[in-house]
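Enquirer: only geometry, no sequence info:
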Ligand SMILES: Nc1cc(-c2ccc3ccn(Cc4ccc(CN5CCCC5)cc4)c3c2)n[nH]1
């Protein structure tokens with residue numbers, strides 16, 4: 001998978017490029033590139049924003065740098081051999097936004113199956129709306145929210161999404177087994193985990209986990225998942241109409 005990130009704060013992603021990329025790049029699984037949007041400006045001040053039409057506080061990101069950057073990143077030189085712009089070659093262009101679909105584990109799984117993701121990190125009060133229309137000619141556009149709260153830009157949301165997506169790609173991180181039994185994979189919250197010592201500050205580990213009875217352990221864990229989901233996230237339970 002190829003991931004391109006566009007941001008006016010590219011150094012936000014230094015941590016990500018080191019850790020995730022280390023193993024994945026050498027394994028040739030994940031190719032992550034972060035680019036500074038200002039590289040596609042042409043004025044002396046490398047301007048990317050201007051005042052909003054219709055008034056209002058703050059500034060809006062100008063469309064032209066975005067269009068030039070997306071044109072370049074969406075063209076796939078390594079796919080020059082594939083004549084035309086067949087659907088499977090077009091990138092998925094993701095813009096974090098407070099006004100987008102909410103990112104879930106299902107979104108992460110869906111996006112982890114794509115060949116080429118481009119993340120467009122907005123700042124200021126957002127990006128000129130016409131950029132999203134323009135980008136739709138280059139690939140599938142997705143406006144995605146991390147949750148119902150307002151961040152200062154798209155970088156933190158993009159970091160979170162790349163981590164959630166990247167860990168689902170086989171060989172990128174850790175042990176693929178652990179990807180199955182985790183929160184939200186089966187629609188329920190995860191069961192509690194314990195490790196040594198078996199009694200810690202007079203707090204014992206639940207007996208069943210020391211029993212070696214795998215059927216009983218599996219049943220206990222499932223019960224814990226249901227109970228935790230019922231008390232902490234009833235909205236996730238089937239039949240809940242909230
Ligand atoms: N899940 C989640 C994602 C984000 C997010 C993602 C990208 C950007 C780019 C800029 N901002 C800051 C920001 C500040 C104020 C407004 C609200 N204004 C009201 C009238 C015009 C706009 C919107 C946006 C982002 C925020 N926040 N939360």
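Expert: Thanks, I have it. All values derive from a computational prediction rather than experimental measurement. Numbers count the residues shown, from 1 in each chain.
Enquirer: Contacts only, for residue 195.
Expert: Listed by Cβ atoms under 8 Å, 6 or more residues apart in numbering, residue 195 has no contact partners. Where you see a C-beta, it was placed from the backbone N, CA and C, and this is true even at glycine.
Enquirer: Look up the closest residue to residue 237, ignoring the ones flanking it.
Expert: With sequence-adjacent residues excluded and distances taken as Cβ to Cβ, 6 or more residues apart in numbering, residue 237 is closest to residue 229, at 5.9 Å.
Enquirer: Please compute how far the strand or helix carrying that neighbour lies from its chain's middle.
Expert: Element membership for residue 229, per DSSP states H and E: helix 214-232. Between the mean C-alpha location of helix 214-232 and the chain-wide mean there is a distance of 28 Å, by Cα atoms, centre = their mean, to the nearest Å.
Enquirer: Equivalent analysis for stretch 229-242, please.
Expert: Using Cα atoms, centre = their mean, the mean C-alpha position of stretch 229-242 is found 24 Å from that of the whole chain.
Enquirer: Name the nearest residue to residue 199, ignoring sequence neighbours.
Expert: Residue 199's closest residue in space is residue 205 (Cβ to Cβ, 6+ apart), at 7.3 Å.
Enquirer: And the spatially most central residue of the chain, how far from the ligand?
Expert: When Cα atoms, centre = their mean is applied to the chain, the residue found nearest the centroid is residue 161 (1.3 Å). Separation of residue 161 from the ligand (Cβ to the nearest ligand atom, to the nearest Å) stands at 10 Å.
Enquirer: For that residue, list the residues it contacts.
Expert: Residue 161 makes contact with 94, 96, 103, 108, 111, 119, 144, 146, according to Cβ under 8 Å, 6+ apart.
Enquirer: Verify the stated contact: the last one with residue 96.
Expert: Read it as residue 146. Yes: between residue 146 and residue 96 a contact is recorded at 6.7 Å, counting by Cβ atoms under 8 Å.
Enquirer: Identify the residue of the chain closest to the ligand, quick one.
Expert: Sorted by distance to the ligand under Cβ to the nearest ligand atom, the residues of the chain start with residue 122, at 3.2 Å.
Enquirer: Run the chain-centre distance for stretch 97-104.
Expert: 11 Å.
Enquirer: Next: stretch 205-215.
Expert: Between the mean C-alpha location of stretch 205-215 and the chain-wide mean there is a distance of 36 Å, by Cα atoms, centre = their mean.
Enquirer: Other residues contacting that stretch?
Expert: For stretch 205-215, contacts defined as Cβ under 8 Å, 6+ apart pick out 194, 198, 199, 216, 217, 220.
Enquirer: for the lowest-mean-pLDDT helix or strand in the chain, packing partners?
Expert: The weakest-scoring helix or strand in the chain, judged by mean pLDDT, DSSP states H and E, is helix 14-27 (a mean of 76). Helix 14-27 sits against strand 31-36, helix 155-166, with contacts defined as 3 or more Cβ pairs under 8 Å, 6 or more residues apart in numbering; DSSP states H and E.
Enquirer: Okay, angle between the last one and helix 14-27 too, please.
Expert: Helix 155-166 runs at 30 degrees relative to helix 14-27, counting by axes from the mean of the first three to the mean of the last three Cα atoms, to 10 degrees.
Enquirer: so helix 155-166 versus strand 31-36, what angle?
Expert: Relative orientation of helix 155-166 and strand 31-36, computed by the same axes, to 10 degrees: 170 degrees.
Enquirer: buried stuff in helix 155-166?
Expert: By neighbour count with 16 or more other Cβ atoms under 10 Å, helix 155-166 contains the buried residues 155, 157, 158, 159, 161, 162, 164, 165, 166.
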